[in-house]
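S.K.: starting from these lines, generate the structure:
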Amino acid sequence: LNQWANVVRWELRPRLFLRTTEFLWQEGHTCHATEDDARAYALKILHEVYEDFTVNVAALPSYPGRKTEREKFAGGDASFALEGMMGDGKALQFCTSHLLGQNFAKVFETQFVTETGQQEYAWQTSWGITTRMVGALIMAHGDDAGLRVPPRLAPVQVVVLVVKDEGGAGEKAAALAKQLQAADVRVELDTRDTSFGRRAVEWELKGVPLRIEIGPRDVEAGTATVVRRDKSEKESTPLDGLPVRVPGVLDEIQSVLYQQAEQRQRERTVDVTSVDDAIEAARTGFARLPWKAGDDDAEDRLNKEGVTVRCLQRSDGAVPTSPDEDDLVAVVARAY
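M.R.: Next up, the predicted model:
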C-alpha cells in the first residue's frame, strides 16, 4: 500500500515546514512472509527510494542508520532513518523506514497461508517522508539571498529576463525560451512591466538555478548575461550556443549544491571518544561516537544537554541489522 495524504496533529512547538499542525506525507506499508524479507525491503526503501531521491534529486547528503531502541518507532522491531545536516550544523531527520515485525499483524489478525497450508502472521514494514523535506531544502541550500533550488527539483530551472524590450530583445528572449523548452528545460519568460532590478532579485530569492538576461546591448553583441544561482556571478555568453550549453550547466549546478552540502557535513562531523566530547562537538555540528564507549546512561547524559543519538552506523558507514553489533558508531547532534 502506498498513499499520499495529509496528517493533523497537535503540535506544541510548531516550526514552519518542520513541525506543523497539518502536514502532507507519503506513506507505504507492506506485508512479507519472513522477517528477512521484511527487513530487506525496509532497507531497500531507505536506500533505493528515499536516499536516491535526497541525493540525486534534492542534492542532500545524509547519514543513513538505525535508530536506537529508545528512538525507534513504538511497537516496531527496528527503525531506519536518513539524518541530514542543516546549514547551522543541526540535524534533521529526512525520513524513516520501519521494520514492524509481527506486532501489528497480531493485533489486527493480519495472516496469510503458507505454501504448506499453515496460517502465519505477516511481517510488516512501514515507511514515510513528509513536507519536512521542504524545510530541509531551505535550511541546507539557502543563503542570505534566499532559496537555492537544485535544478532537478526546481519547477522553473531557467528564467529568461528581458532587461528592456527594445532593439529586438523581447523577440530574442522569446525565441531562446522556446529553444530551451524544446530541450526539455523548464523555463519561464519574464517580460513583466516592472523594474529589471526588482525582477532579478525576485527570481534570485525564489532560488531559480539559472537566470539569463537579454537586453538591447546583448542583442547587438549577440550575447546574453548568464547568472548561476549557486555562484551569483555574471557571465557574458554567446546567444547561439545557449540552448546546447544550458542542460550541462544545470547538471553542474546540481553537482555543486550537493558537493557544498556534503563538504559542510564532512567538515563539521568529528570523531570523538567520549560522551563529553560528543556534547561539545554537537555545539557546532555532528559527532561520531563509538557506541561501546558510552555507558548505560549515555543517552540520558546526551539528552540532558539537548543532544540526541540521531542514528547508529557500522564503522564503515553501513546500516546495522542489530543494535548489539560490536563496531557501532553513534551519530550524535542537536536536532530540529
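S.K.: all helices of the stretch 101-250 of the chain, in order?
M.R.: Secondary structure of the stretch 101-250 of the chain (DSSP state H, counting those that start in this stretch): helices at 103-108, 132-141, 169-182, 196-206, 216-221, 242-267.
S.K.: tabulate these (CSV), appending distance to residue 61 and mean neighbour count.
M.R.: C-beta coordinates here come from the backbone N, C-alpha and C atoms, glycine included. Output for the helices of the stretch 101-250 of the chain, formatted as CSV (distance: least, Cβ to Cβ, whole Å; neighbours: other Cβ atoms under 10 Å):
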stretch, distance to residue 61, mean neighbour count
helix 103-108, 33, 14
helix 132-141, 9, 21
helix 169-182, 29, 18
helix 196-206, 24, 15
helix 216-221, 38, 16
helix 242-267, 4, 17
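S.K.: of the ones you listed, which is nearest residue 161?
M.R.: Nearest to residue 161, of all the helices of the stretch 101-250 of the chain, is helix 196-206, at 6.0 Å by Cβ to Cβ.
S.K.: show me how far the closest one is from its chain's centre.
M.R.: Here the centre of helix 196-206 is set off from its chain's centre by 25 Å, with Cα atoms, centre = their mean, to the nearest Å.
S.K.: contacts for that helix, please.
M.R.: 145-147, 149, 156, 159, 161, 163-164, 190, 192, 211, 213, 227, 229, 232 (Cβ atoms under 8 Å, 6 or more residues apart in numbering).
S.K.: now, which of the residues you listed sits nearest residue 94?
M.R.: residue 149 (16.8 Å).
S.K.: count of residues packed around the closest one?
M.R.: 24 (other Cβ atoms under 10 Å).
S.K.: setting the sequence-adjacent residues aside, check what's closest to it.
M.R.: Among residues not flanking residue 149 along the chain, residue 207 sits closest, at 4.0 Å (Cβ to Cβ, 6 or more residues apart in numbering).
S.K.: now do residue 135
M.R.: Once flanking residues are discounted, residue 135 sits nearest to residue 17: 3.3 Å by Cβ to Cβ, 6+ apart.
S.K.: how close does the one you found sit to residue 84?
M.R.: Residue 17 sits at a distance of 14 Å from residue 84 (criterion: Cβ to Cβ, to the nearest Å).
S.K.: residue 126 too?
M.R.: According to Cβ to Cβ, residue 126 and residue 84 sit 21 Å apart.
S.K.: neighbour count for these two, which is higher?
M.R.: Ranked by neighbour count (other Cβ under 10 Å), residue 126 and residue 84 place residue 84 first, with 24 against 20.
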